[in-house]
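> Task: produce atomic coordinates for the following.
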Amino acid sequence: MEGLLRRHGCDPSPLGVEWVKEKWCEPESVVERTEKCRGSKRDGRGKGTMCAILGACLMQAQDQYMYFRQVEKDNSESQLEIECLKADLQWERERTRLLEWKIYVMLTQAKEPPSIAQIRKLIVGTDPEDWDGDIWGDSD
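Model (predicted):
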């Protein structure tokens with residue numbers, strides 16, 4: 001866009017570009033700036049000035065659009081990540097619940113208190129969902 005305006009001799013000045021960053025979305029400010037820059041040029045020679053101002057506004061609008069599009073993309077990626085983390089959290093909660101149940105069953109059904117090694121084997125060695133009810137995980 002900037003190259004097109006430059007080729008036609010109506011590219012915005014550096015001060016105009018700075019002004020547009022703040023005021024591009026305010027139609028009253030754009031009209032006021034256009035009238036101020038155009039000044040006494042009522043003979044049709046102020047068209048380049050108008051094009052420069054409107055072109056600068058358009059360039060800023062495009063920049064804002066691209067920025068917000070990127071923010072929106074980042075937000076959707078973050079939402080996807082949040083959903084994955086929620087699913088992981090739910091899985092871990094269910095796994096913890098099953099593990100607590102397994103330990104409860106082990107402690108209430110054991111004839112003698114289990115050793116630390118047996119508890120560790122029970123917790124680490126099997127997935128709670130695969131547990132077949134054998135308190136110690138022995139094959140006999």
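> element containing Glu35, please.
Using DSSP states H and E, Glu35 maps to helix 27-38.
> That helix packs against which elements?
On a contact count with 3 or more CB pairs under 8 Å, 6 or more residues apart in numbering; DSSP states H and E, helix 27-38 meets helix 14-23, helix 47-109. Every C-beta, even on glycine, is put in place using the N, C-alpha and C of the backbone.
> now the residue lying farthest from the centre of the chain, what's its secondary structure?
Here the chain reaches farthest from its C-alpha mean at Lys111, the gap being 54.9 Å by CA atoms, centre = their mean. Three-state assignment for Lys111 (DSSP: H, G, I helix; E, B strand; the rest coil): coil.
> With mean pLDDT and mean neighbour count as added columns, please give the helices and strands packed on helix 27-38 in CSV.
Shown next, in CSV, are the helices and strands packed on helix 27-38 (pLDDT from 0 to 100; neighbours: other CB atoms under 10 Å):
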stretch, mean pLDDT, mean neighbour count
helix 14-23, 75, 14
helix 47-109, 85, 13
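> can I get those in JSON lines with distance to Glu35?
Formatted as JSON lines, the helices and strands packed on helix 27-38 follow (distance: least, CB to CB, whole Å):
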{"stretch": "helix 14-23", "distance to Glu35": "14"}
{"stretch": "helix 47-109", "distance to Glu35": "10"}
